[in-house]
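J.: I would like to see how this sequence folds:
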Amino acid sequence: MALAFCSMMATAEVKLPAVIGSGMVLQQQTDVNLWGEAKANAKVVIAPSWTKQKFTTRAGSDGQWKTVVPTTKAGGPYTITFSDGTKQKTVLTDVLLGEVWICGGQSNMEMPVGGFMSQPVEGGIEASLEAYKYPDIRMFTVPRCTSDTPVFDCDTTWRLSTPLTVRTFSAMAYFFGRELSRMLGVPVGLITSNWGGTVIEAWMSRAAIDATPRQRPQYETGRRGPNASSVLYNGMICPIKGFTAKGFIWYQGEANRGAWMDYAELQKSLIRNWRTDWGNLAMPFYITQIAPYCYEGPQWRLNALFIDQQYKAADETPHCGIASTTDIGEYGIIHPAKKQPIARRLAWMALADNYGFEGLPCRSPRFKSFEEKDGKLTLHFHNLTHAHNYTVSDPTQQDCFLWKSPKGFEVAGADRKFYPAKANMPWSQNTIEVWSDSVPHPVAVRYAYRNWDGEANVITQTGLPLPSFRTDDWPIDDLVPPQKK
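T.: The predicted structure is shown next:
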């Protein structure tokens, strides 16, 4: 059920943008940004019901005003009354204080709980039916809009959690918010701005794009519609820009694979761009690794190279993390049905990093180093317990490999020719041994380093998969299929 939008009534003297509306969630225990329009030079009085204090600001000669109001701990519902000295007042109702997250990206962020046509979301029906269990989850979807210049409002409302609204809302955003709601026990506000098939440059300001060092800037030229540079930033980020929030989650990248070599720098620039717009350069930003998919063919390696860029961006950006998806891709469907595990991994990072929860398995294992002996490579990894030590104090290290026969590895010698590798997990060591009878002296190893590797199966006992990786930096000649003449 859509909430009535009280703030834009024709009789009201103080007008507010859509994102500041009845049914919204405001970030708790901080100073939140409020803005709107009134008569020129009018004094605007703001009276939130969670405090007896009133707050005043003055509109400019153009009628625009902006101010901050302090919030208390999570709770509600509250009202906020806005007035400019006339008899007419703008009153927002059913306002909650809690945790607010901005959720952006392309079609895998857009994919609703109810799924796309012939592409269901696993557990989506159950989630829709259980919507009433989470009345304090509130949802705001920015409508699709392209613009060559910044737009500062949109036509939509905050929505309550009902079977219909949940079914049509971003699955990634909803499942992420539901995990936070379960663990924190506070209201959660989710603002999603997404558009399928769009490139990252569309979501960045022109200034941010121009400041990004790139190897192939020519890929930007010639793009039209929603893929033109900055048009979605102008039309779909500016309307919510600055709405006080805890952090961001992001699922995008498939549309940028062709220019993979520039993606890490673009991702870092987008993060700086948005953090600057929200006035907090330490704002958490959690990325979703794009999932394995056949693309040009399962054996080609463009997807793996792009994923390297995603991890590079996350590794080089403070207050950032990335959720691995090596285990949830689907060979012939670019939109994985398993959205809940991905959202849970993002939520675990937020809960551990930003809310102080200990003991959560919030980081996937990552390749660290290897050593060669008697024709075998022994691989070591980050984010795992040390051998025989399950009492380490660092909660991010309390995980270990699920003991099984590992698959998905390749090794090469000095000739740079890769061969499928055999692999073994020594009991309780959290290392992996790899070798090939065709490579007597291996010097490099790759794991799941293709668009799709149906055999790759390394995962921890808490369900976190090992991301694809390579130890070499050699040129790759099987990146994409040869062009047909």
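J.: rest of the way, CA atoms for contacts and neighbours
T.: Fine.
J.: number of nearby residues for D262?
T.: Per other CA atoms under 10 Å, the neighbour tally for D262 reads 20.
J.: okay but it is in contact with R214, surely?
T.: Yes. Between D262 and R214 there is a contact under CA atoms under 8 Å: 5.4 Å.
J.: ranges for the helices of the protein?
T.: Per DSSP state H, the chain carries helices over the ranges 107-110, 124-129, 163-167, 171-184, 206-210, 231-232, 263-277, 302-315, 339-354.
J.: just the CA atoms of the first one, as CSV, please.
T.: Included here for helix 107-110 are C-alpha records, laid out as CSV according to Å, rounded to 0.1, in the frame of the first residue of the first chain:
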residue,chain,number,x,y,z
SER,A,107,19.4,-5.1,-13.3
ASN,A,108,20.7,-7.4,-10.5
MET,A,109,19.9,-4.6,-8.1
GLU,A,110,16.7,-3.8,-9.9
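J.: what's that helix packed up against?
T.: If contacts are counted by 3 or more CA pairs under 8 Å, 6 or more residues apart in numbering; DSSP states H and E, helix 107-110 sits against helix 171-184, strand 188-194, strand 247-251.
J.: contact partners of the last one?
T.: What that stands for is strand 247-251. 100-106, 108-109, 283-290, 346 (CA atoms under 8 Å, 6 or more residues apart in numbering).
J.: any stretches of this structure with poor pLDDT?
T.: 1-12, 386-398, 483-485 (pLDDT under 70).
J.: top strand in it by residue count?
T.: Assignment by DSSP state E gives strand 89-105 as the longest strand of the chain.
J.: given that one, what are its sheet partners and their directions?
T.: strand 25-27 (parallel), strand 75-83 (antiparallel), strand 188-194 (parallel), strand 247-251 (parallel) (DSSP bridges).
J.: distance between the longest one and the chain's centre?
T.: The chain centroid and the centroid of strand 75-83 are separated by 30 Å under CA atoms, centre = their mean, to the nearest Å.
J.: and what of the shortest one?
T.: Averaged C-alpha coordinates place strand 25-27 at 19 Å from its chain's average position (CA atoms, centre = their mean).
J.: just the residues contacting that strand, thanks.
T.: By CA under 8 Å, 6+ apart, strand 25-27 touches 32, 71, 95-100, 138, 187-189, 244-246.
J.: and for the third one?
T.: Contacts to strand 188-194, defined as CA under 8 Å, 6+ apart, come from residues 24-26, 98-107, 109-110, 136-144, 170, 173-174, 177, 180-181, 236-237.
J.: picking that back up, which one of the helices of the chain is the most hemmed in?
T.: When the helices of the chain are scored by mean count of other CA atoms under 10 Å, the highest mean neighbour count falls to helix 231-232 (a mean of 29).
J.: domain ranges for the protein?
T.: In terms of domains, the chain is parsed into 6-96, 98-354, 367-470 (source: automatic domain parsing).
J.: winner for burial among those?
T.: Most buried of the domains of the chain by mean neighbour count (mean count of other CA under 10 Å) is domain 98-354; its value is a mean of 21.
J.: quick revisit: out of the helices of the chain, which comes closest to S118?
T.: S118 sits nearest to helix 124-129 of all the helices of the chain, at 13.2 Å, using CA to CA.
J.: now for that closest one, which elements pack on it?
T.: By 3+ CA pairs under 8 Å, 6+ apart, helix 124-129 packs against helix 163-167.
J.: what's the helix it packs on packed up against?
T.: helix 124-129.
J.: go again with 10 Å.
T.: In this structure, helix 163-167 makes packing contacts with helix 124-129, strand 137-141, helix 171-184, judged by 3 or more CA pairs under 10 Å, 6 or more residues apart in numbering; DSSP states H and E.
J.: can I get the longest one in PDB, CA atoms only?
T.: Going back to what we said before, that points to helix 171-184. Provided in PDB are the C-alpha atoms of helix 171-184 (Å, rounded to 0.1, in the frame of the first residue of the first chain):
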ATOM      1  CA  ALA A 171      15.300  -8.200  -3.900                       C
ATOM      2  CA  MET A 172      18.900  -7.300  -3.100                       C
ATOM      3  CA  ALA A 173      17.800  -4.200  -1.200                       C
ATOM      4  CA  TYR A 174      14.900  -5.900   0.700                       C
ATOM      5  CA  PHE A 175      16.900  -9.000   1.700                       C
ATOM      6  CA  PHE A 176      19.800  -6.800   2.900                       C
ATOM      7  CA  GLY A 177      17.400  -4.600   4.900                       C
ATOM      8  CA  ARG A 178      15.500  -7.600   6.300                       C
ATOM      9  CA  GLU A 179      18.800  -9.000   7.700                       C
ATOM     10  CA  LEU A 180      19.600  -5.700   9.300                       C
ATOM     11  CA  SER A 181      16.100  -5.600  10.800                       C
ATOM     12  CA  ARG A 182      16.400  -9.100  12.200                       C
ATOM     13  CA  MET A 183      19.800  -8.400  13.800                       C
ATOM     14  CA  LEU A 184      19.300  -4.800  15.000                       C
END
